[in-house]
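1. pasting the structure only:
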């Protein structure tokens, strides 16, 4: 994947906004295989200014609830990944596509953050189980957790479907506070 500098992106966006060339011709002029990336840069610039073209230095961690809110918004409004990213003050619409794919494959459990969990100070090692299988009790606990997540998701979806404007208004404050936390990282 080619990485483009912020200066290159800004020049290309300015050229698009000022000149007669459209997305396909600009992509051809600069040897890009697709004009979709230029379109995303222009929309990000129009929504966020220069900040929209900047590469984030740290990986942002989003809660499962936030991810569900974004996916619900897209489902209810028919918004594109780019539109949803702009609405939720995100700079990476492809991240939303990954969330949607994970949700369709694994349900709400697929939206949990993956990777290493923080290490506890006095970590007690559990004996390794042969073949990495879970006990019946662990399987049931996992199933219960997934069902709780699914029920919570369905409740929020029902509330959103009954009155989308009231639901969005109620949760707007939480979204704004979440986006402020992201910006401070």
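-> The structure has been received and is ready for your questions. Note that this is a predicted model, so its numbers are computed, not measured.

2. please name the nearest non-neighbouring residue to the residue nearest to the spatial centre of the chain.
-> In the chain, the residue lying closest to the centroid (Cα atoms, centre = their mean) is residue 96, at 3.6 Å. Distances taken as Cβ to Cβ, 6 or more residues apart in numbering put residue 81 closest to residue 96, at 4.8 Å, once the chain neighbours are dropped. Every C-beta, even on glycine, is put in place using the N, C-alpha and C of the backbone.

3. so how many other residues sit close to the one you found?
-> Other residues within reach of residue 81, judged by other Cβ atoms under 10 Å, total 20.

4. is it true that the residue nearest to the centre of the chain touches residue 87?
-> No: contact criterion Cβ atoms under 8 Å: residue 96 and residue 87 do not qualify, at 10.4 Å.

5. all helices of this protein, in order?
-> Assigned by DSSP state H, the helices in the chain fall at 6-18, 23-29, 36-48, 64-77, 81-87, 93-106, 136-162, 164-184.

6. and the longest one, what other elements does it pack with?
-> To tie it back to what came earlier, the one meant is helix 136-162. In terms of contacts (3 or more Cβ pairs under 8 Å, 6 or more residues apart in numbering; DSSP states H and E), helix 136-162 is packed against helix 64-77, helix 164-184.

7. lowest average pLDDT across the ones you listed?
-> Among these, helix 164-184 carries the lowest mean pLDDT, a mean of 59.

8. so what's residue 70 up against?
-> 84, 88, 90, 96, 99 (Cβ atoms under 8 Å, 6 or more residues apart in numbering).

9. how close does the closest residue to the second one other than its chain neighbours sit to residue 64?
-> The spatial neighbour of residue 88 that comes closest, neighbours along the chain excluded (Cβ to Cβ, 6+ apart), is residue 70 at 5.5 Å. Here residue 70 is placed at a distance of 11 Å from residue 64 (Cβ to Cβ, to the nearest Å).

10. again with residue 137
-> Separation of residue 137 from residue 64 (Cβ to Cβ) stands at 24 Å.

11. what's the answer for residue 35, then?
-> Applying Cβ to Cβ to residue 35 and residue 64 gives a distance of 34 Å.
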